[in-house]
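Chemist: have a look at this fold, sequence not included:
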């Protein structure tokens with residue numbers, strides 16, 4: 001089971017890495033190329049985060065429910081991060097990222113979509129990383145092996 005999740009995370013990570021690289025080709029076409037660069041970088045860095053998580057997945061000591069939650073929160077957070085910044089680049093939203101948006105504003109519904117994605121992905125990633133840290137805590141593997 002752990003191996004299957006590891007492969008899925010690796011696949012999702014490399015796919016997001018590819019999407020991030022491809023986003024770089026779209027920069028001249030975007031309403032806000034600076035936000036497009038942010039999306040390009042988010043795809044690359046978040047793809048690498050998923051690859052790292054996939055590689056260490058077998059070392060996590062978590063209950064099945066916590067492991068399931070960790071995987072889904074990590075997938076949601078990483079892909080939503082790339083998507084939110086890409087939508088911000090396409091639509092020219094700027095409410096949540098004034099430095100990167102450089103004065104851009106968009107329709108209120110577009111600002112709300114990007115804001116919702118940014119807030120939800122931030123919470124998802126904090127919880128996912130706390131669970132990963134908990135699953136990698138010192139001594140957890142030894143206690144798990146003694147119990148099993």
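Modeler: Received, thanks. Note that this is a predicted model, so its numbers are computed, not measured. Residues are numbered from 1 along each chain as shown.
Chemist: so where's this structure uncertain?
Modeler: Applying pLDDT under 70 to the chain picks out residues 1, 100-101, 141-148.
Chemist: which stretches of it form strands?
Modeler: Using DSSP state E, the chain contains no strands.
Chemist: count the neighbours of residue 85 for me.
Modeler: 27 (other CB atoms under 10 Å). Backbone N, C-alpha and C define where each C-beta goes, glycine included.
Chemist: next one: residue 4
Modeler: 9.
Chemist: which stretches of this structure form helices?
Modeler: Secondary structure of the chain (DSSP state H): helices located at 2-25, 33-56, 64-91, 98-101, 108-135, 140-147.
Chemist: skipping its backbone neighbours, what lies nearest the one residue sitting closest to the centre of the chain in space?
Modeler: Ranked by distance to the mean C-alpha position of the chain (CA atoms, centre = their mean), the top residue is residue 78 at 1.1 Å. Of all residues not flanking residue 78 in the chain, residue 46 sits nearest, at 3.7 Å (CB to CB, 6 or more residues apart in numbering).
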